[in-house]
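K.L.:
what follows is a predicted structure for the sequence shown.
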Amino acid sequence: MEDHKIVQRNIALQREWYGEPLGDRVRRLVVAFDVSQASLADVLGISAPMLSQVMSGRRAKIGNPAVLARLIMLERKILTPDVASGRREALQRALDDVRASKPAVTRDNLPVDVGRSAIMALRRLIPSDHLTEAAAALDGRFPELAELLRHAGKRI
């Protein structure tokens, strides 16, 4: 099978197994946590080349369930107010917590279809200049919400 066809098949399998291509999910984490792909691989407990292969579709799945569990943990942490604010110390604390975790993986605690983060939803729905404007308007009264909107207004 040609390389291109293999990649297409693997990405289709990722959609079926994980709800969307893993490259999309991983890129959201790289942006949300403002880290390199290699740093994220370290947090997840996977080699950087292996993560790159999964992201590009050269590999269809993450073979280690604990790595997938950590990926899901990070996706969930994006939704917490502290991390969603984009504060560097909160982001680092979340990354450190996940890196140190030893997830027990069972069918009951490893959902495959995880919702998108609030930041990504805002980016999809609202132009970045509107998010930045809203952040400025909310700064005095709701600084945490303003910071979240400012973070969402940053484009990839």
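P.N.:
Now that the structure is in, tell me what you want to look at. Numbering: from 1, shown residues only.

K.L.:
what's next to the one helix or strand in the chain whose mean pLDDT sits lowest, contact-wise?
P.N.:
Scoring the helices and strands of the chain by mean pLDDT, DSSP states H and E places helix 118-125 at the bottom, with a mean of 76. Outside of helix 118-125, the residues within contact range by Cβ atoms under 8 Å, 6 or more residues apart in numbering are Arg28, Ala32, Ile78, Leu79, Ala84, Arg116, Leu131, Leu148, Leu149, His151, Ala152, Arg155. (C-beta placed from N, C-alpha, C; glycine too.)

K.L.:
next, count neighbours for the third one.
P.N.:
Here the number of neighbours of Ile78 (other Cβ atoms under 10 Å) works out to 20.

K.L.:
in the protein, which residue is closest to the centre?
P.N.:
Leu29 (2.6 Å; Cα atoms, centre = their mean).

K.L.:
what element comes up after the lengthiest helix in the chain heading to the C-terminus?
P.N.:
Ranked by residue count and defined by DSSP state H, the top helix of the chain is helix 3-18. For helix 3-18, the succeeding helix or strand toward the C-terminus, using DSSP states H and E, is helix 22-33.

K.L.:
show me the domain layout of the chain.
P.N.:
3-106, 126-156 (automatic domain parsing).

K.L.:
for the chain, which residues score under the pLDDT cut-off?
P.N.:
Scanning the chain for pLDDT under 70 picks out the ranges 1, 105-118, 155-156.

K.L.:
give me the helices and strands touching the longest helix of the chain, please.
P.N.:
Here helix 3-18 touches helix 22-33, going by 3 or more Cβ pairs under 8 Å, 6 or more residues apart in numbering; DSSP states H and E.

K.L.:
convert the C-alpha atoms of the helix it packs on to CSV, please.
P.N.:
Output in CSV follows, covering the C-alpha atoms of helix 22-33 (Å, rounded to 0.1, in the frame of the first residue of the first chain):
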residue,chain,number,x,y,z
LEU,A,22,-4.8,12.4,17.1
GLY,A,23,-2.8,15.1,15.3
ASP,A,24,-5.7,17.5,16.0
ARG,A,25,-5.9,16.6,19.6
VAL,A,26,-2.2,16.8,20.2
ARG,A,27,-1.9,20.1,18.4
ARG,A,28,-4.6,21.6,20.7
LEU,A,29,-2.6,20.5,23.7
VAL,A,30,0.7,22.0,22.3
VAL,A,31,-1.1,25.3,21.8
ALA,A,32,-3.1,25.3,25.1
PHE,A,33,0.0,24.5,27.2
